[in-house]
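1. attaching a predicted model along with its sequence, questions to come.
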Amino acid sequence: MPGHRVDRLAAPEVRSLAAAGAPALWAIGSTEQHGDHLVTGFDRFSAEAVCVGAAERAGIDVALLPPLPYGASDHWLPLGATWSLRATTLVDVLADVARSADHAGFRRLVIVNGHAGNIGPGLTALAETGAGACRVEFVSYWTLVDGAEARALSPRDGGGVGHAGEIETSIALHLGGLAVDARLPAPAGKALDEGPGSPDPVARLPRPLDESPGGVYGDPGGATAELGALMMEQAIARLAARLTG
């Protein structure tokens, strides 16, 4: 059964989905610079592709909420081509949409995230959803992928997601339309073993003007559609399995 886009349904159909126990999926991303070679909406489009794919594969009715195109991206504002919500604003937006899903009768909402800057606000928003009957879950789609398999196909970035690096550029090549072919292969940016996305357990935000003025964290030069297909296939399959589990 394909997913049902709630913004293309009338109220009675949405109520029927909720009454039948259909889970709701909500893709959230960002609109921000992704180097010179990826579109600014990459995070939103990749998360949306995972949601649509999982809804099609799950074999049950799934309600698809309109994707959120803006995220917490203040760290990229110095490079331009970026629109950002303050972290506190994003927390409120996520919590309000979850509250609305609860009032609409849905008993499960899975927020599928495509932007690392949304993780903190997303987890904070979960704390405000406990009182409702709707169970709210938050997952960044790349965490659904087997890390060892990603590392095996990611010789330059070692399986690290980075920003406009090897993995994101590979996903763009697989999905199509998210990379500017004339600008590939794109130049490397800050190495992932030296910044965000490295094994270092200490979290911090990127400082792109100092670290990578080109806006890339990682090395997109080794990107392949094969790696992108692995990322999407595993994320879709594991999310679909979770919806029915």
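-> Sure, I can see it. Numbers count the residues shown, from 1 in each chain.
2. next one: the residue positioned nearest the centre of the chain from D193, what distance?
-> Taking Cα atoms, centre = their mean, the centroid of the chain lies closest to G114, which sits 1.2 Å from it. Separation of G114 from D193 (Cβ to Cβ, to the nearest Å): 23 Å. In short, each C-beta sits where N, CA and C put it, glycine included.
3. can you check D146 too?
-> 21 Å.
4. what do you get for H115?
-> H115 is 22 Å from D193, by Cβ to Cβ.
5. tell me what the helix ranked longest in the chain is packed against?
-> Ordering each helix of the chain by length in residues (DSSP state H) puts helix 225-244 first. Packing partners of helix 225-244 (3 or more Cβ pairs under 8 Å, 6 or more residues apart in numbering; DSSP states H and E): helix 42-58, strand 108-113, helix 147-152, helix 166-175.
6. A179 against G35, yeah?
-> No: A179 is beyond contact range of G35, at 9.8 Å (criterion: Cβ atoms under 8 Å).
7. dump the residue contacts of the spatially closest residue to R151 that is not a sequence neighbour.
-> Closest residue in space to R151, ignoring its immediate chain neighbours: G159 at 3.6 Å, by Cβ to Cβ, 6 or more residues apart in numbering. G159 is in contact with 147-148, 150-152, 167, counting by Cβ atoms under 8 Å, 6 or more residues apart in numbering.
8. which one of these sits closest to V93?
-> I167 (26.7 Å; Cβ to Cβ).
9. wait, that closest one sits on D157?
-> Yes: when contacts are counted by Cβ under 8 Å, I167 is listed as touching D157 (6.4 Å).
10. who touches both of the two?
-> With contacts taken as Cβ under 8 Å, 6+ apart, I167 and D157 have G218 as neighbours in common.
11. list the contacts of the residue nearest to the centre of the chain.
-> 27-30, 42-48, 50, 140-141.
12. mind listing what the closest residue to G29 other than its chain neighbours touches?
-> The shortest distance from G29 to any non-neighbouring residue, by Cβ to Cβ, 6+ apart, is to R44 (2.9 Å). Listed by Cβ under 8 Å, 6+ apart, the contact partners of R44 are 27-31, 67-69, 114.
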